[in-house]
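In: Here is a sequence with its predicted model. Questions after.
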There are 2 protein chains.
Amino acid sequence: MVKSSAARLDSVFHALADPTRRQILRELAAGERTLGEIAAPHKMSLAAVSKHIKVLENAELIARERRGSFRIVRLQAQSLKPAEEWIAFYSRFWNQKPGNLEKHLEGDKV
Amino acid sequence: MVKSSAARLDSVFHALADPTRRQILRELAAGERTLGEIAAPHKMSLAAVSKHIKVLENAELIARERRGSFRIVRLQAQSLKPAEEWIAFYSRFWNQKPGNLEKHLEGDKV
DNA sequence: GCTACATTCAACCATATGGTTAAGTCGTCG
DNA sequence: CGACGACTTAACCATATGGTTGAATGTAGC
């Protein structure tokens, strides 16, 4: 399914809005894992983890590949880039004094 | 309500996972607005926009202030910083060749 | 082919989300 | 003080989310 840029941001941010899924991504940063390995540290059923994996896959943050009877999961960090860029638009604000925001964007008025 | 760092990421990413809310943040980047002004361009009721505003407020991405009979809404972009930093952890990945990821993190094996 | 293992799918459930309309609140102005 | 304007809250609805358990699927190995 091809998604619009807005829809891709929707699914990426939605995927990130859950601590279990963020933890999974952190684990995958250290290398690929099987579903079983990913699920082990989490206090929930394998089926529940499988659903989280599907949410991450839908956001294209991971890729799944069959390897024998295992399903190996790999990080696709580049899908985070648009999200990072979206947020980075605001980075110029967070080192400024709050009162300067309007001036900064609308030109010096006072 | 004081939130854990994880809970704050939850609410920020959740707030960003909706195109209407992202648009509202973009509008607010140009300066403060009243709720009416924010709602005008959107094809939904004022009550619906009010709910979106509440989600953004819960994530501390905006602040509301009473000004006469108006409610003025201001961007609080600094609350995006932790989200940006969380994502930035992965930035070293997206300029690399996929095959290098494990080597990069686990030391050169092959 | 049978069995075990790894994962997925289906059915179900409780709660959350995103929208609606209608009523309520709170300042301002005549 | 009475009415209007600008929101906010409440009640309601349909659909989505996040979890469960139990059955189904797909490979590997005897």
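Out: On my side now, so go ahead. This is a predicted model, so every value here is computed, not measured.

In: Next one: the residue in chain A that DNA strand C sits nearest to relative to A:Leu75, how far apart?
Out: Residue nearest to DNA strand C within chain A (C-beta to the nearest atom of the strand): A:Gly36, separated by 2.7 Å. Glycine gets a C-beta too; all of them are placed from N, C-alpha and C. Per C-beta to C-beta, to the nearest Å, A:Gly36 is found 17 Å from A:Leu75.

In: residues from chain A in reach of chain B?
Out: A:6, A:9-11, A:13-14, A:16-19, A:22, A:25, A:29-32, A:74-78, A:80-81, A:83-84, A:86-91, A:93-94, A:98, A:101-102, A:105-106 (C-beta under 8 Å from any C-beta of the partner chain).

In: give me the low-pLDDT residue ranges for chain A?
Out: The model of chain A has pLDDT under 70 over residues A:1, A:97-110.

In: quick one: the strands in it?
Out: A:33-34, A:62-67, A:70-75 (DSSP state E).

In: If we ignore the residues flanking it in sequence, what's nearest the residue nearest the centre of chain A?
Out: Residue closest to the average C-alpha location in chain A (C-alpha atoms, centre = their mean): A:Leu16, at 4.4 Å. Ranked by C-beta to C-beta, 6 or more residues apart in numbering or on different chains and with sequence neighbours excluded, the top spatial neighbour of A:Leu16 is B:Phe13, at 4.2 Å.

In: Between A:Gly36 and A:Leu75, tell me which one has more neighbours.
Out: Higher neighbour count among A:Gly36 and A:Leu75: A:Leu75, with 26 against 11, using other C-beta atoms under 10 Å in any protein chain shown.
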